[in-house]
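[1] build the 3D model from these lines:
(one chain, ligands or ions: 1)
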Amino acid sequence: MEHPEPLPGLLPDTAPDTLRPAPRRPVRCALCGRPLTGAQSRRTGLGPACDAKLHPAGADIPTRRHEVDQEPLPGT
Ligand SMILES: [Zn+2]
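    Coordinates of the predicted model:
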């Protein structure tokens with residue numbers, strides 16, 4: 001006697017992986033849970049905003065925003 005139908009579990013009724021395009025698992029921000037798109041954000045696991053929140057730009061990060069070639073306004 002043979003089973004007319006395959007036992008459930010032997011042949012899973014799920015499409016093979018080749019038919020299911022599995023996109024890269026979305027990396028989410030560890031803080032707010034928003035999907036990260038930037039490579040740096042994926043690496044750190046934090047969005048830019050949250051990363052800045054946790055790691056505020058301090059003396060370690062040189063910022064040159066004040067080095068602007070601009071002369072002070074005379075007279076004022
Ligand atoms: Zn975040």
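[2] what residues does the chain put near the ion?
    Selection of the chain residues close to the ion by Cβ under 5 Å from the ion yields 29, 31-32, 47, 50. C-beta: built from backbone N, CA, C; applies to glycine.
[3] let's see it at 8 Å
    Contact residues (Cβ under 8 Å from the ion) of the chain with the ion: 29-34, 36, 46-47, 49-51, 53.
[4] of those residues, buried ones?
    29, 36, 46-47, 50-51 (16 or more other Cβ atoms under 10 Å).
[5] make JSON lines from those and add distance to Gly75, secondary structure and pLDDT to it.
    Converted to JSON lines, those look like this (distance: Cβ to Cβ, whole Å; DSSP: H, G, I helix; E, B strand; the rest coil; pLDDT from 0 to 100):
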{"residue": "Cys29", "distance to Gly75": "49", "secondary structure": "coil", "pLDDT": "95"}
{"residue": "Leu36", "distance to Gly75": "49", "secondary structure": "coil", "pLDDT": "92"}
{"residue": "Leu46", "distance to Gly75": "46", "secondary structure": "coil", "pLDDT": "93"}
{"residue": "Gly47", "distance to Gly75": "45", "secondary structure": "coil", "pLDDT": "93"}
{"residue": "Cys50", "distance to Gly75": "44", "secondary structure": "helix", "pLDDT": "93"}
{"residue": "Asp51", "distance to Gly75": "43", "secondary structure": "helix", "pLDDT": "90"}
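[6] many thanks, we can stop here.
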